[in-house]
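Colleague: coordinates only, no sequence provided:
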């Protein structure tokens with residue numbers, strides 16, 4: 001820091017801390033939350049750390065200072081992180097004869113408790129679905145006690161199935177030949193799956209809603225939370241998510257079908273949870289064909305992508321879209337896939 005004025009030295013100290021935190025976050029996908037829950041919380045802040053390092057890089061670059069190398073090197077080391085946060089891809093809306101579309105959407109109980117002021121949210125969601133006409137539709141936080149009817153679809157758990165937790169449902173234009181539920185312990189969250197037949201192929205589709213951290217998105221309410229309480233709360237959530245993912249992976253390992261995984265992970269693409277679900281045999285549809293930040297959750301501070309569609313590597317990802325429609329605290333996502 002030789003030659004820097006006092007103000008610039010302070011800025012570089014802050015820059016160094018932010019760069020160190022981002023660098024530390026690169027090991028988070030490999031550390032089980034049950035082993036180090038407090039550190040895993042850092043994964044939620046990765047988008048902000050990327051943005052801040054970008055700001056510091058530009059700050060020093062415009063002043064032609066060698067300090068710009070710190071954030072530049074850290075950002076380049078984590079280039080895959082940037083790729084998970086923002087995409088410049090182009091995808092076509094044209095649908096081929098062998099293509100089929102998959103949509104995932106956390107509908108937040110169809111606004112049952114009036115979080116949004118509009119009284120027609122449920123009807124608006126139904127109109128949106130009917131307009132988009134996805135071939136496979138996966139909904140989370142779905143009220144089986146207040147169901148929707150979709151013409152031309154088979155479904156599983158659209159109305160409560162005995163012995164299966166409500167909250168998730170799958171609609172499919174293709175016949176469903178098998179279905180079931182993975183019941184997560186000590187929570188209302190769960191995962192469901194269906195096996196569908198498309199021409200000669202049988203495809204397994206999962207959708208799940210992993211444990212929620214319960215973090216307030218309202219700025220004033222969030223200010224009242226202590227940092228120690230937030231770390232403890234989120235750490236406990238990530239431990240629960242790890243157990244839920246382990247149940248999912250055990251179930252998935254018994255299937256030989258090509259698989260699609262959708263849902264609200266309540267975690268980011270920089271986490272251990274995401275890495276374990278994705279594994280070596282799935283690819284992220286957003287990373288393959290998305291565009292922009294891919295924000296799926298209405299978080300006020302920075303873009304959060306916590307809803308995913310992961311597809312077997314055998315599928316070609318032809319398009320991906322995040323819909324900027326305010327019908328929930330989540331945004332619907334949709335991809336078009338095909339089997340070459």
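Modeller: Yep, it's here. As the structure is a computational prediction, the values presented were derived from the model and not from experiment.

Colleague: following the helix or strand bottoming out on mean pLDDT in the chain, which helix or strand comes up?
Modeller: Least confident element among the helices and strands of the chain, by mean pLDDT, DSSP states H and E: helix 219-223 (a mean of 50). The helix or strand immediately downstream of helix 219-223 is helix 227-252, counting by DSSP states H and E.

Colleague: for that next one, enumerate the helices and strands it packs against.
Modeller: Contact partners of helix 227-252 among helices and strands, from 3 or more C-beta pairs under 8 Å, 6 or more residues apart in numbering; DSSP states H and E: helix 37-40, strand 176-183, strand 190-198, strand 201-209, helix 272-278. For every residue, glycine as well, the C-beta is placed using N, CA and C.

Colleague: helix or strand right after that helix?
Modeller: Following helix 227-252 in sequence, per DSSP H and E, is strand 258-264.

Colleague: who does that following strand pair up with?
Modeller: strand 201-209 (parallel), strand 307-312 (antiparallel) (DSSP bridges).

Colleague: as a markdown table, these with mean neighbour count, distance to residue 101 and mean pLDDT would be great.
Modeller: Shown next, in a markdown table, are these (neighbours: other C-beta atoms under 10 Å; distance: least, C-beta to C-beta, whole Å; pLDDT from 0 to 100):
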| stretch | mean neighbour count | distance to residue 101 | mean pLDDT |
| --- | --- | --- | --- |
| strand 201-209 | 23 | 12 | 97 |
| strand 307-312 | 24 | 10 | 98 |
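
Colleague: residue 56 - that's part of a helix, no?
Modeller: Yes - counting by DSSP: H, G, I helix; E, B strand; the rest coil, residue 56 falls inside a helix.

Colleague: who touches it in this structure?
Modeller: Residues near residue 56 by C-beta atoms under 8 Å, 6 or more residues apart in numbering: 11, 15, 18-19, 68, 70-71.

Colleague: could you check the distance from it over to residue 62?
Modeller: 11 Å (C-beta to C-beta, to the nearest Å).

Colleague: got it, and residue 195?
Modeller: 56 Å.

Colleague: residue 6 too?
Modeller: The gap separating residue 6 from residue 62 is 19 Å, by C-beta to C-beta.

Colleague: per-domain residue ranges of this structure.
Modeller: Domain assignment of the chain by automatic domain parsing yields the ranges 6-85, 91-338.

Colleague: before we move on, back to that, and residue 195 and residue 62? Which one has more around it.
Modeller: When residue 195 and residue 62 are compared for neighbours, residue 195 comes out ahead with 20 against 9, by other C-beta atoms under 10 Å.

Colleague: any idea of the pLDDT on the closest residue to the more buried one other than its chain neighbours?
Modeller: Leaving aside its chain neighbours, residue 195 sits nearest to residue 178 (4.0 Å; criterion: C-beta to C-beta, 6 or more residues apart in numbering). According to the prediction, residue 178 has pLDDT 98.

Colleague: surely residue 286 is in contact with residue 310?
Modeller: No - taking C-beta atoms under 8 Å as the definition, residue 286 is not a contact partner of residue 310, at 9.5 Å.

Colleague: what's the most distant pair in the contacts of residue 56?
Modeller: Within these, 18 and 68 form the most distant pair, 13.6 Å apart (C-beta to C-beta).

Colleague: looking at these two, which one has more neighbours?
Modeller: Each of residue 18 and residue 68 has its neighbours counted (other C-beta under 10 Å); residue 18 has more, 21 against 18.

Colleague: could you find the closest non-adjacent residue to that one?
Modeller: residue 52 (4.9 Å).

Colleague: just how off-centre is the host helix or strand of that neighbour within its chain?
Modeller: Applying DSSP H and E as the criterion places residue 52 in helix 46-62. Chain-centre distance of helix 46-62: 24 Å, with C-alpha atoms, centre = their mean, to the nearest Å.

Colleague: repeat for stretch 269-287
Modeller: 10 Å.

Colleague: show me what secondary structure element comes after the helix holding residue 52.
Modeller: Helix 46-62 is succeeded, C-terminally, by helix 68-77 (DSSP H and E).

Colleague: return the set of buried residues in the next helix or strand after that following helix.
Modeller: Sequence-wise, the next helix or strand downstream of helix 68-77 (DSSP H and E) is helix 79-85. Judged by neighbour count using 16 or more other C-beta atoms under 10 Å, the buried positions of helix 79-85 are 81, 84-85.

Colleague: mind putting those into a markdown table with distance to residue 292 and pLDDT?
Modeller: Output for the buried residues of helix 79-85, formatted as a markdown table (distance: C-beta to C-beta, whole Å; pLDDT from 0 to 100):
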| residue | distance to residue 292 | pLDDT |
| --- | --- | --- |
| 81 | 16 | 87 |
| 84 | 13 | 85 |
| 85 | 10 | 84 |
